[in-house]
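*Asks:* Have a look at this prediction, sequence included:
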Amino acid sequence: MTSLSLERVRKSFGKHEVIRDIDLRIEDGEFIVFVGPSGCGKSTLLRMIAGLEDVTGGDLNIGGRRMNEVPPSRRGVAMVFQSYALYPHLTVRENMGFGLKVRKVPKAESAAKVAQAAEILKLDALLDRYPRELSGGQRQRVAIGRAIVASPEVFLFDEPLSNLDAELRVHMRAEIAGLHRRLGNTMIYVTHDQIEAMTLADRIVVLRDGLVEQVGTPKELYENPANTFVAQFIGSPKMNLLPASSIGGNLQLAGKRIDGQTMFGMRPEHLQLSSQADALLSGKLVASEYSGSETLLHVELEDGTIVLVINRAQQVPEIGAAVNLTIEPSLVHVFNDGRAV
């Protein structure tokens, strides 16, 4: 197992700076997820760790050694890409052992490593098949197996589940989490899907425009977002943000500075329908989305703002009905100038 540290790491393509002075430490055996919108720099940062992109500035250390100029093959990392990148003319066994063959690892040792990885990933019965004979999930397991046989100290995953359907993504998430528990290696995983980030990570690194917005456990980011960007990126459906002016003086929060720039954050699952006429928010129901265990309500306030509410009750108001909403004050997030207070 190996720790990593990034010290004021920067990356530029010409005059365009895509990674800006990132400081980050990743401990031995951690499962770290880089998450953020498209173009935020998460895949570029992963490729810098792998050695596939040069570091423009700062220091990248793996296992206490500076790696800025060290070639990828000597960094002790293995990468699993979004595309499976399997050789179509090679069997599963040959695909998994190809890197070992290139490095002239003895055949007996290579066969043992492939067999061990196949057992971990439940690929034993598929070793003599070709990629065209496999499902998408099986192909992705082969790609992961190819990384395992390299015996890396650090696993890097670049959106490995993006090409899979929704049901298979859920299954593969569980498999990757189980793999981390069994192997104990440091793992860094890139995704734009915050559900993947929440379910897999020991800690999440939220990126935007090449900068780290916040680092923390899934629970820390959900319960204490540092700013409105993190507040709306983490959690599904996203947090409602309402200006203080839309609520008036109905919400009193002890110890919180509230002024004309204040925004209140309320998660849809924390808002409740209320029969009280003097409830915190009032509006009309303009849409509802039934999903079995719950219904997502779209409530339009008097100023036209749409508020999302998760309703788990059996009865749902009719479209167009007037509704009142309330929330426990301790669950309200307060932001001034976009930052949590």
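*Replies:* Looks like it came in fine.
*Asks:* Under a three-state scheme, what state does the residue most central in space within the chain occupy?
*Replies:* Centroid check for the chain by CA atoms, centre = their mean gives Ala197 as the closest residue, at 2.7 Å. When classified by DSSP: H, G, I helix; E, B strand; the rest coil, Ala197 comes out as helix.
*Asks:* name the element Arg182 belongs to?
*Replies:* Following DSSP states H and E, the helix or strand that holds Arg182 is helix 166-183.
*Asks:* for that helix, the distance to its chain's centre please.
*Replies:* Counting by CA atoms, centre = their mean, to the nearest Å, helix 166-183 is centred 14 Å from the centre of its parent chain.
*Asks:* If you count neighbours, what's buried in it?
*Replies:* Using 16 or more other CB atoms under 10 Å as the burial criterion, the residues of helix 166-183 that qualify are Leu168, Arg169, Met172, Arg173, Glu175, Ile176, Leu179, His180. Bear in mind the C-beta positions are built from the backbone N, C-alpha and C, glycine included.
*Asks:* Let me know the average pLDDT across that helix.
*Replies:* The pLDDT scores in helix 166-183 average 89.
*Asks:* Who are the packing partners of that helix?
*Replies:* Helices and strands touching helix 166-183, as assessed by 3 or more CB pairs under 8 Å, 6 or more residues apart in numbering; DSSP states H and E, comprise helix 107-120, helix 136-149, helix 194-200.
*Asks:* helices or strands next to the last one in the packing?
*Replies:* It refers to helix 194-200. Here helix 194-200 touches strand 31-35, helix 166-183, strand 186-191, helix 218-223, going by 3+ CB pairs under 8 Å, 6+ apart.
*Asks:* looking at this protein, which helix or strand does the model trust least?
*Replies:* helix 166-183 (a mean of 89; mean pLDDT, DSSP states H and E).
*Asks:* and this protein, what are its domains?
*Replies:* According to automatic domain parsing, the chain comprises the domains 4-232, 237-340.
*Asks:* mean pLDDT for those domains: which is lowest?
*Replies:* Mean pLDDT per stretch puts domain 237-340 lowest among the domains of the chain, at a mean of 87.
*Asks:* does Met266 really touch His333, like I thought?
*Replies:* Yes: between Met266 and His333 there is a contact under CB atoms under 8 Å: 7.4 Å.
*Asks:* Look up phi and psi at the closest residue to Leu308 other than its chain neighbours.
*Replies:* Distances taken as CB to CB, 6 or more residues apart in numbering put Pro268 closest to Leu308, at 4.2 Å, once the chain neighbours are dropped. The phi and psi values for Pro268, taken as degrees, to the nearest 10, are phi -60, psi -30.
*Asks:* Which positions in the helix or strand encompassing Val230 come out as buried?
*Replies:* Element membership for Val230, per DSSP H and E: helix 228-233. By 16+ other CB under 10 Å, the buried positions in helix 228-233 come out as Thr228, Phe229, Val230, Ala231, Phe233.
*Asks:* Please tell me how far the fourth one sits from Asn224.
*Replies:* What it means is Ala231. 10 Å (CB to CB, to the nearest Å).
*Asks:* now Met172
*Replies:* 30 Å.
*Asks:* So which of the helices and strands packed on helix 166-183 is nearest Val286?
*Replies:* Closest approach to Val286 among those is made by helix 194-200 (25.7 Å; CB to CB).
*Asks:* now what about the closest one, what contacts it?
*Replies:* For helix 194-200, contacts defined as CB atoms under 8 Å, 6 or more residues apart in numbering pick out 31, 33, 35, 161, 169, 173, 176-177, 189, 191, 204, 218, 222, 233-236.
*Asks:* give me that answer again for 10 Å
*Replies:* With contacts defined as CB atoms under 10 Å, 6 or more residues apart in numbering, helix 194-200 is touched by 31-36, 157, 159-162, 169-170, 172-174, 176-177, 180, 187, 189-191, 193, 203-206, 217-219, 221-222, 233-236, 238.
*Asks:* Any quick ChimeraX command for the buried ones out of those?
*Replies:* Command for ChimeraX that selects the buried part of those, burial taken from 16+ other CB under 10 Å:
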select :31,32,33,34,35,36,157,159,160,161,169,172,173,176,180,187,189,190,191,193,203,204,205,206,218,221,222,233,234,235
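*Asks:* distance from the centroid: which residue in the protein tops it?
*Replies:* Ala277 (40.5 Å).
*Asks:* How much space separates it from Val323?
*Replies:* Relative to Val323, and taking CB to CB, Ala277 is found at 12 Å.
*Asks:* Switch the buried residues of helix 166-183 over to CSV; also include distance to Val77.
*Replies:* CSV is the format used below for the buried residues of helix 166-183 (distance: CB to CB, whole Å):
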residue, distance to Val77
Leu168, 26
Arg169, 24
Met172, 21
Arg173, 22
Glu175, 20
Ile176, 16
Leu179, 16
His180, 15
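*Asks:* Fine by me, thanks again.
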